[in-house]
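> turn this into a structure:
(one chain, ligands or ions: 1)
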Amino acid sequence: MARAFSPPDSPDERVGLPGVELTRTARAAGVRDLLAAGVGPARAAASVAAALTAARLAGTPYDLVVSAGIGGGFAPDAPVGSLVVADRITVADLGAQTADGFLPVTELGFGTIHHDPPRSLVRVACQATGARAGTILTVSTVTGTAARAAELRTRHPCALAEGMEGFGVAEAADAHGTAVLEIRAVSNPVGPRDRAAWRIGDALAALTEAFGKLAPALESWNRHDDQ
Ligand SMILES: O=C(O)c1cccc(C(=O)CC[C@H]2O[C@@H](n3cnc4c(=O)[nH]cnc43)[C@H](O)[C@@H]2O)c1
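Reported below is the predicted structural model:
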């Protein structure tokens, strides 16, 4: 992803911190840290929380956390190769399965299941990249059947995509009061498992191109636009 940023003012630096390693890119516009957060919400939350805590203790807290990756897209709204920016980051499988269906943790009386990125940030990101805005679901188990895809869409009619990290990243950011954004490039349809349909290389290329446009646009984002 460092490739997506403008030419470096100084070489990228590897920064080892307790629990996480960053690639630090210094640009005229400021410092950006890249973090391979791992797969799944728990690992992603742990990695991002470590980076956020270290930055705060160093007296240089982050302004924004961006969760970027490939994901599954719900047909027909998010075809393979397209980009989705989350206007809502929702954990889809945190709760209890009952005889009467799934109950999210919030209906059990605790926790949270959504994080909403600042609206102005979502707008800026969509304008810069051409992404569609919608709910991105976070799942710990990749959807592999048409029945599960239909169930998720019924429970989350605004869902455009699913991934495995966004909600973990958002929980870590929320704990620090830091704004969060999620962007996914669609590598496969959400539905019956079909490895031949994956387009991971194309999705990563689309994500890299999008990041090249997103990074400068984020510089102009004014967090006070939403207040
Ligand atoms: O084995 C499978 O059937 C399968 C299908 C899709 C994705 C995977 C992964 O292991 C990908 C993990 C990685 O990529 C993101 N991702 C990409 N597509 C999806 C998806 O359809 N549903 C959820 N996550 C997806 C995910 O965020 C991970 O980082 C395996």
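
> all contacts plus neighbour counts: C-alpha atoms, from now on.
OK.

> mind listing the strands for the chain?
Using DSSP state E, the strands of the chain run over 13-17, 20-27, 30-34, 64-73, 83-91, 95-98, 101-104, 114-115, 132-138, 159-163, 179-189.

> show residues contacting stretch 55-62.
For stretch 55-62, the external contacting residues (Cα atoms under 8 Å, 6 or more residues apart in numbering) are Leu52, Thr178.

> scratch that, stretch 151-161 is what I was asking about
Stretch 151-161 is contacted from outside by 71-74, 77-78, 84, 92, 134-137, 184, 186, 190, using Cα under 8 Å, 6+ apart.

> quick one: mean pLDDT for that stretch?
The pLDDT scores in stretch 151-161 average 98.

> same question, stretch 213-227
81.

> how much space separates Val66 from the ligand?
14 Å (Cα to the nearest ligand atom, to the nearest Å).

> err, Ile89, not the other one
13 Å.

> across the sheet, point out what pairs with that residue.
Per DSSP bridges, the residues bridged to Ile89 are His115, Ile136.

> quick thing: my sequence starts at 278, can you match it?
In the new numbering, first residue 278, that becomes Ile366.

> ok, it - contacts?
So Ile366 contacts His391, His392, Asp393, Pro394, Thr412, Ile413, Leu414, Thr415, Gly443, Phe444, Ala447, Glu459 (Cα under 8 Å, 6+ apart).
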